[in-house]
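Enquirer: Following is a predicted model, sequence given first.
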Amino acid sequence: MLPHFKSANIFRFFCLSLFRDKHYNVRKTLDELKRITGDSLSNFNSQFKDFLRIKHYYLDNGFENKTKRCIYHIPPMELKCVTFSRKIIGIELESEYIGFFMQLVLLSRFADIELSKNNIIEKLKMDKKTYEKYIIELKLKDLIDIHNDKLILKGEEYILETDFKHQRIPNTAELAPKFIPKFIIKHK
């Protein structure tokens, strides 16, 4: 997921996942999500269509036209994942900077690389100006430190222990065996 999304989309995905139910479905409007992220989400569905199962439904509000809504199905956690605290949405930064911090945490745990400028730029496929801009903002918020040209991540209060015992509960359609009736047609 890391190289496929820009930093802001990593944070947007996290915010959406905060509202999942026990079957990993989210019934939030993009306007509700926008209030949390502070971003314009006009291309959200098209950017996430390959990673989320998005179902449309219509809500009858008593008006002539029904309101179109979406149900977003979040995929189950992967073995290589990090659980972030809800506190991370309280950081006074734009979503792209918080998403970059999340990417750095994931790289530090699973990429088997040193967190140096060149390694990060290569892994995340970003340009040097963007990298520098993100680093300055994270340093100002005391989320990172730099020592001998290597990043040192701070902000442990935003990272939780990943707990798989509360993993996704399959819905009844997924649990039920596929029943295919057998028909035998006889001729007389």
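Expert: Received, thanks. Numbers count the residues shown, from 1 in each chain.
Enquirer: Which neighbouring elements make contact with the top helix by length along the chain?
Expert: Longest helix in the chain, counting residues (DSSP state H): helix 95-110. Here helix 95-110 touches helix 7-17, helix 117-124, helix 128-140, strand 150-153, going by 3 or more Cβ pairs under 8 Å, 6 or more residues apart in numbering; DSSP states H and E. Just so you know, the C-beta spots here come from the backbone N, C-alpha and C atoms, and that holds for glycine as well.
Enquirer: How far away from the center of its chain is the helix or strand just after the third one?
Expert: Translated: helix 128-140. Next helix or strand after helix 128-140 toward the C-terminus (DSSP states H and E): strand 144-147. Computed by Cα atoms, centre = their mean, to the nearest Å, the chain-centroid distance of strand 144-147 equals 26 Å.
Enquirer: packing partners for strand 144-147?
Expert: Short answer (3+ Cβ pairs under 8 Å, 6+ apart): strand 144-147 packs on helix 128-140, strand 150-153.
Enquirer: got a markdown table for the ones you listed, with mean neighbour count and distance to Glu32 too?
Expert: Shown next, in a markdown table, are those (neighbours: other Cβ atoms under 10 Å; distance: least, Cβ to Cβ, whole Å):
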| stretch | mean neighbour count | distance to Glu32 |
| --- | --- | --- |
| helix 128-140 | 15 | 26 |
| strand 150-153 | 16 | 30 |
